[in-house]
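> Quick one: sequence plus predicted model below, questions after.
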Amino acid sequence: MERERSRLARELHSGAGQSLAGIKLNLEMLATSQDILSAPARKFMDRLERLTEQALQQVRSVSHSLHPPDWQGLSLYTALRALVETSGLAERVAVEFIVSEFPVEPVHDIKIAIYRCAQECIANIIKHSAATRVSFRVELEGPFIVMRIRDNGCGFEVENPFSDKLNRGIGLIALKEYAEVADGILDVKSDSAGTTVVLSVALLSTVTMEE
């Protein structure tokens with residue numbers, strides 16, 4: 001999905017965006033020769049120029065929103081630190097943040113899966129848990145990166161998440177999908193004492209190890 005977003009952004013920029021920019025340029029050149037145009041023609045040309053500018057701005061806006069966010073250019077440690085700091089989590093609960101340095105940076109798909117899972121967990125904690133303490137740990141255990149996010153909140157019924165009135169089921173599905181994309185293992189435990197989410201993924205992808 002992330003790669004497809006990047007591809008669409010590039011195609012919009014170099015395809016429709018460039019074509020619209022060319023149309024706008026030619027309309028501007030025509031505007032310098034308005035003395036040879038009739039009044040109705042100048043009126044229509046001005047309207048075309050405004051519409052072209054609007055379309056160009058819309059294409060640029062969509063292209064920009066599809067580009068990979070800035071965090072994808074950061075190290076995993078820096079990206080996760082920034083996520084916790086900008087989420088407002090530390091203003092709500094006491095946070096223990098421990099993220100190990102890794103001998104190599106995780107490959108792109110794994111990094112995205114870890115970040116998105118962390119993002120989903122933090123959102124759920126803020127919205128639903130009523131927790132006062134959160135432990136956020138990402139450590140290397142053998143060949144695996146293991147992320148553990150634990151809170152002391154109200155918990156929920158893991159076996160039947162769709163029965164919860166807060167509808168946490170969608171969040172659990174998203175977590176599972178991110179884990180599957182990275183060929184990882186997801187474990188979620190929750191009761192009245194709190195919730196623990198554990199994601200384990202290989203530091204190196206199978207393709208990388210074979211190479």
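Perfect, I can see it now.

> okay, now the domains of this structure?
Domain segmentation of the chain under automatic domain parsing yields 2-66, 70-210.

> Reformat these as JSON lines; add mean pLDDT.
Formatted as JSON lines, the domains of the chain follow (pLDDT from 0 to 100):
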{"stretch": "domain 2-66", "mean pLDDT": "74"}
{"stretch": "domain 70-210", "mean pLDDT": "84"}
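
> Give me whichever of these is most buried.
Stretch with highest mean neighbour count among those: domain 70-210 (a mean of 16; mean count of other Cβ atoms under 10 Å). (Glycine included, C-beta is placed from N, CA and C.)

> just the strands in this protein please.
94-99, 133-141, 144-151, 185-191, 194-202 (DSSP state E).

> Check which helices and strands the third one sits against.
Okay, so that is strand 144-151. Here strand 144-151 touches helix 108-124, strand 133-141, strand 194-202, going by 3 or more Cβ pairs under 8 Å, 6 or more residues apart in numbering; DSSP states H and E.

> I'd like the ones you listed written out as JSON lines, with distance to residue 95 added.
Shown next, in JSON lines, are those (distance: least, Cβ to Cβ, whole Å):
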{"stretch": "helix 108-124", "distance to residue 95": "10"}
{"stretch": "strand 133-141", "distance to residue 95": "5"}
{"stretch": "strand 194-202", "distance to residue 95": "14"}
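
> which residues in this structure form helices?
Taking DSSP state H, the helices of the chain run over residues 2-11, 18-31, 39-66, 76-87, 89-92, 108-124, 169-181, 206-210.

> With distance to residue 148 added, can I get the ones you listed in a markdown table?
Formatted as a markdown table, the helices of the chain follow (distance: least, Cβ to Cβ, whole Å):
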| stretch | distance to residue 148 |
| --- | --- |
| helix 2-11 | 24 |
| helix 18-31 | 47 |
| helix 39-66 | 32 |
| helix 76-87 | 13 |
| helix 89-92 | 15 |
| helix 108-124 | 10 |
| helix 169-181 | 13 |
| helix 206-210 | 24 |
